[in-house]
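K.L.:
generate coordinates for the sequence data below:
(one chain, ligands or ions: 1)
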Amino acid sequence: MVYYENLAEMYVGDDVSPDFYGWVFPKCDHVAVGTGTVTHKNDIKKFQLATRNRAKDKILGGKIIRVEAHPIPEHPRPRRLSGRVALVGDAAGYVTKCSGEGIYFAAKSGRMCAEAIVEGSQNGKKMVDEGDLRKYLEKWDKKYWPTYKVLDVLQKVFYRSNPAREAFVEMCADEYVQKMTFDSYLYKTVAPGNPLEDLKLAVNTIGSLVRANALRKEMEKLNV
Ligand SMILES: Cc1cc2nc3c(=O)[nH]c(=O)nc-3n(C[C@H](O)[C@H](O)[C@H](O)COP(=O)(O)OP(=O)(O)OC[C@H]3O[C@@H](n4cnc5c(N)ncnc54)[C@H](O)[C@@H]3O)c2cc1C
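P.N.:
Prediction:
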């Protein structure tokens with residue numbers, strides 16, 4: 001614990017996760033040692049063991065207080081409202097695909113829900129009901145639904161294999177892609193694009209995917 005007092009560690013490599021990373025995160029009086037994967041869920045135990053091995057020397061003598069595993073809540077839950085209960089943050093499934101970003105969306109949804117409560121209760125003068133809370137969900141979906149949808153498609157296309165990830169890296173050399181990505185991260189919504197540049201991007205995307213796939217086949221032949 002002393003070693004990790006002011007330190008978090010991330011490990012990359014196929015041993016800890018083929019598509020994510022392993023981590024040691026300090027919590028207030030213990031550390032969380034973990035890993036994640038989307039593509040190889042059945043191998044999660046193997047990755048957990050490898051992550052513990054990577055941190056072995058630094059957590060030596062520590063006591064395991066809990067072993068747990070959870071899916072990343074990156075699908076907005078089909079039901080986020082019941083009576084006077086509304087879900088926000090991870091509980092509502094607001095982690096975004098591709099980036100795995102959930103802190104902003106947890107804070108933002110908490111704020112939006114609180115604002116709906118303040119408004120619906122007329123500043124605390126009356127009890128809120130489901131209809132008041134629904135306003136938060138309507139506002140949320142209107143603002144973020146397209147972002148979740150676009151990131152879902154991006155993840156399906158580019159995160160499914162190493163060649164697809166290579167294609168994504170290749171595309172990131174393009175300044176337009178860099179700007180769109182940067183703005184989308186900064187403003188937390190899909191940045192509006194330029195139709196001509198978008199068309200060019202679509203053609204380049206297909207080109208990158210085809211090239212990456214051809215490269216994969218060559219690598220398989222060479223058994224690399
Ligand atoms: C490995 C990893 C890396 C991540 N990296 C990033 C990143 O780089 N950027 C980013 O934006 N997001 C990241 N996230 C996601 C981010 O951590 C979450 O989306 C965010 O913390 C969600 O906030 P939350 O308040 O909804 O939930 P939480 O942070 O989980 O807070 C819920 C709290 O409720 C407490 N609780 C649970 N049950 C009870 C109960 N019955 N009574 C009282 N308290 C209870 C829990 O102990 C917890 O403290 C990462 C997540 C993981 C696992």
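
K.L.:
thought Ala86 was touching Arg77?
P.N.:
No - between Ala86 and Arg77 there is no contact under CB atoms under 8 Å: 10.9 Å. Heads up, the C-betas are built off the backbone N, CA and C, glycines and all.

K.L.:
for the protein, which segments count as helices?
P.N.:
44-59, 89-92, 103-120, 130-158, 162-171, 175-187, 195-222 (DSSP state H).

K.L.:
want to throw these into TSV with mean neighbour count, distance to the ligand and mean pLDDT?
P.N.:
Listed next are those as TSV, based on neighbours: other CB atoms under 10 Å; distance: least, CB to the nearest ligand atom, whole Å; pLDDT from 0 to 100:
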stretch	mean neighbour count	distance to the ligand	mean pLDDT
helix 44-59	16	11	94
helix 89-92	18	2	97
helix 103-120	16	3	97
helix 130-158	15	13	92
helix 162-171	18	18	83
helix 175-187	14	10	89
helix 195-222	13	26	81
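
K.L.:
let's have those in CSV, adding distance to Ile72.
P.N.:
Listed next are those as CSV, based on distance: least, CB to CB, whole Å:
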stretch, distance to Ile72
helix 44-59, 12
helix 89-92, 9
helix 103-120, 13
helix 130-158, 11
helix 162-171, 18
helix 175-187, 18
helix 195-222, 25
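
K.L.:
mind checking which of those is nearest Val16?
P.N.:
Smallest distance to Val16 across those (CB to CB): 4.9 Å, for helix 44-59.

K.L.:
wait, what's in contact with the nearest residue to Ile72 once chain neighbours are set aside?
P.N.:
Of all residues not flanking Ile72 in the chain, Val95 sits nearest, at 5.5 Å (CB to CB, 6 or more residues apart in numbering). By CB atoms under 8 Å, 6 or more residues apart in numbering, the residues touching Val95 are Ile72, Pro73, Glu74, Glu101, Gly102, Phe105.

K.L.:
let's go with 6 Å and repeat that
P.N.:
Residues in contact with Val95 (CB atoms under 6 Å, 6 or more residues apart in numbering) are Ile72, Pro73, Glu74, Gly102.

K.L.:
which residue sits farthest out from the middle of the chain?
P.N.:
Taking CA atoms, centre = their mean, the residue of the chain most remote from its mean C-alpha position is Lys125, at 38.6 Å.

K.L.:
show the contacting residues for that residue.
P.N.:
With CB under 6 Å, 6+ apart as the criterion, no residue contacts Lys125.

K.L.:
one step back: looking at Ala86 and Arg77, which is more packed in?
P.N.:
Ala86 (23 against 12; other CB atoms under 10 Å).

K.L.:
gap between the nearest residue in space to that one that is not next to it in sequence and Lys143?
P.N.:
Leaving aside its sequence neighbours, Ala86 sits nearest to Leu133 (CB to CB, 6+ apart; 4.3 Å). Here Leu133 is placed at a distance of 16 Å from Lys143 (CB to CB, to the nearest Å).

K.L.:
give the buried residues for stretch 8-21.
P.N.:
Within stretch 8-21, the residues scored as buried using 16 or more other CB atoms under 10 Å are Glu9, Tyr11, Asp15, Val16, Ser17, Pro18, Phe20, Tyr21.

K.L.:
quick one: is it near the ligand?
P.N.:
No - residues of stretch 8-21 contacting the ligand under CB under 6 Å from any ligand atom: none, with a closest distance of 7.8 Å.
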